[in-house]
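Novice: Using only what follows, build the 3D model:
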Amino acid sequence: MEVKPACRILKRPRPAQVVLAVFLEELANPVRPLRRGLGRGQPSLHFRAKIVEGLHSIRLKSSFAEKPQMLAQRKHANMGGVPQFFPAILIFRALRMLARMDVLDQDRSANPANVTESISGVYPLGFRVKNWIFCIVSLFALAGCGTQESKPFPNAPSIKRLDGSTLTAAEIDATVTRLMATAKVTGTGLAILNDGKIVYLKTYGFRDRKKALQLAPDSVMSAASFSKVAFAYMVMQLVQEGVLDLDKPVYQYLPKPLPEYGDYRDLAGDDRYKKITSRMLLDHTAGFPNWRWFEDDHKLHIHFDPGSRFAYSGEGIMLLQLVIETVTHKPLEDLMQARVFQPLGMTRTSMVSHLRFESNSANGYDEQESSLGPQRRLQAQAAGSMKTTPADFARFMQAVLQSQGLREETKDLMLGPQIAILSKHEFPTLSAETTDENKSIRLSYGLAWGLYWTPYGKAFFKEGHDEGWRNYTVCFDDAKIGIVIMTNSSNGESIYKELLETLLKNTYTPIEWEGFTPYNSPH
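Specialist: From the prediction side, this is the model:
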């Protein structure tokens, strides 16, 4: 493919040319720790080299020269340091999709048997046409969208805690604002559930500190690993419909051996992948690292016999996404919208970024409260790309408590213990250090959810952790009491302990195992 004209254009960059450079960088990037690979539609290395040559001509640092960890941080922050013209981002998303389709068409001509194989997974060409058209439609149809005003939630004058005591709205506000100021947490979204329903929903602080823009219940934030439990909720619907068998080896759902997929070629020669089931991927016992780029060689390895122990893994969730897209012949975003977001009224939630989110989207902030900008994701990833709001995710947790969309027995399966946790810490995930400290609360993992037991019954919880974003939720199934905490700050975890103990009277959280260091800790 001839790219010299594009390279010449880039020798004297203007804003539009910078956008083109971002598109080319997206296409050229061979290491995608936060995105699925291009698969069969992946451009040749020669084509990539030509693109990189063009990038260097305008002094834009190519992703080839970066370590995967650095790339991950840049993608989480400001789209690699390039000016954040989001309409242009949608344009290059469409262009990239079109370019991939062109490559696939060439491959299809050479090998008609590959017609049904997708570029990012296994869904057909028609879905990519749909995605491309959607990008263009989104750009023009939504270009005039203004800021969405959030209506105040009718908060209860007081909330009920686990021990039966109550806390007034004024006491909640005082606790949250004090902790945020002390711990330097830029913005916090808070929801409290009583009797399985949202009774308190409020946001504090800023979504944009420099512009003094207040965080609102409908402000779009990064869900981070909250994505995993929303994905699991959809997967469990497929389980109860008989579409997916939790104990069937996942390779049997795929049309070709797993190592023949570009993202899983590293597993060639290790037949243990044939033991991995959907249950193991959901309860984090497949043997994978959290992410392959944490490995010394940046390759994917199976570290222990699948099913034998717990080791949290985003890689496992991404493999299950491949399986789900295969068996349903639908892309993840479509599945999540149809099965979770739309039925639950989560109107400002998506697995990818949208232009309509831009007018009320929060920035992330680091430990020094420096802005990292909004996190934008252009590709749906079950492990962490979800964009949501405090109000929307509170609706999701309410739905889980009320078993909406799942039969009671399916919900019980999802929230039932699958593997006891004996590790000293959740991270690093592959540490061999063990402890008996959490046996008293029966710390374990269900299907995508952490579990522990207290005098108030079973608790199910999930964390969300990304640079500039810290989220936490826990609900007590018997008491029907729960909380959602979403922050746009890397300091957010430091206030979890006191929030949980004050607002819920929950003193049983495995704080040390989860790695949450309180703001007032001497360490």
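Novice: which one is Gly457 nearest to, not counting chain neighbours?
Specialist: Asp478 (3.2 Å; Cβ to Cβ, 6 or more residues apart in numbering). From N, CA and C alone the C-beta is placed, and that goes for glycine too.
Novice: Can you get me a residue count around Trp151?
Specialist: Not quite, residue 151 is Lys, not Trp. By the criterion of other Cβ atoms under 10 Å, Lys151 has 9 neighbours.
Novice: thinking again about what came up before, just give me the neighbour total for the residue nearest to Gly457.
Specialist: Around Asp478 there are 10 residues (other Cβ under 10 Å).
Novice: can you check Gly262 too?
Specialist: Neighbour tally, Gly262, other Cβ under 10 Å: 12.
Novice: measure it to Gly345 for me?
Specialist: 38 Å (Cβ to Cβ, to the nearest Å).
Novice: residues in contact with the residue most central in space within the chain?
Specialist: Geometric centre of the chain, nearest residue: Gly384, 1.3 Å, by Cα atoms, centre = their mean. Residues in contact with Gly384 (Cβ atoms under 8 Å, 6 or more residues apart in numbering) are Leu34, Ala223, Ala224, Ser225, Ser227, Lys228, Gly314, Asp466.
Novice: One more pass at 7 Å, please.
Specialist: Ala224, Ser225, Ser227, Gly314, Asp466 (Cβ atoms under 7 Å, 6 or more residues apart in numbering).
Novice: Can you tell me the closest non-neighbouring residue to it?
Specialist: Using Cβ to Cβ, 6+ apart, the closest residue to Gly384 is Ser227 (4.9 Å).
Novice: thought that neighbour was touching Lys387?
Specialist: No - counting by Cβ atoms under 7 Å, Ser227 stays clear of Lys387, with 9.2 Å between them.
Novice: So which of the two has more stuff around it?
Specialist: Ser227 (28 against 23).
Novice: Now the more buried one: which helix or strand?
Specialist: Remark: Ser227 resides in helix 226-240, with elements defined by DSSP states H and E.
Novice: Who does Thr277 form a beta bridge with?
Specialist: Pro249 (DSSP bridges).
Novice: Do I have it right that it meets Leu244?
Specialist: No - at 10.1 Å, Thr277 and Leu244 do not qualify as touching, with contact defined as Cβ under 7 Å.
Novice: got the residue ranges for the strands in the stretch 251-400 of the chain?
Specialist: Counting by DSSP state E, counting those that start in this stretch, one finds strands in the stretch 251-400 of the chain at the ranges 364-365, 371-373, 387-388.
Novice: Mean neighbour count, the ones you listed: which tops it?
Specialist: strand 364-365 (a mean of 28; mean count of other Cβ atoms under 10 Å).
Novice: quick one: average pLDDT of that strand?
Specialist: Taken as a whole, strand 364-365 has a mean pLDDT of 98.
Novice: Then stretch 464-483?
Specialist: 98.
Novice: For it, which residues meet the burial criterion?
Specialist: Neighbour-count burial for stretch 464-483 flags 464-477, 479-483 (criterion: 16 or more other Cβ atoms under 10 Å).
Novice: repeat for stretch 248-265
Specialist: Pro249, Val250, Tyr251, Tyr253, Leu254, Leu258, Pro259, Tyr261, Asp263, Tyr264.
Novice: Nearest to Ala232, out of those: which one, please.
Specialist: Nearest to Ala232 among these, counting by Cβ to Cβ, is Val250 at 14.8 Å.
Novice: Appreciated, that's everything.
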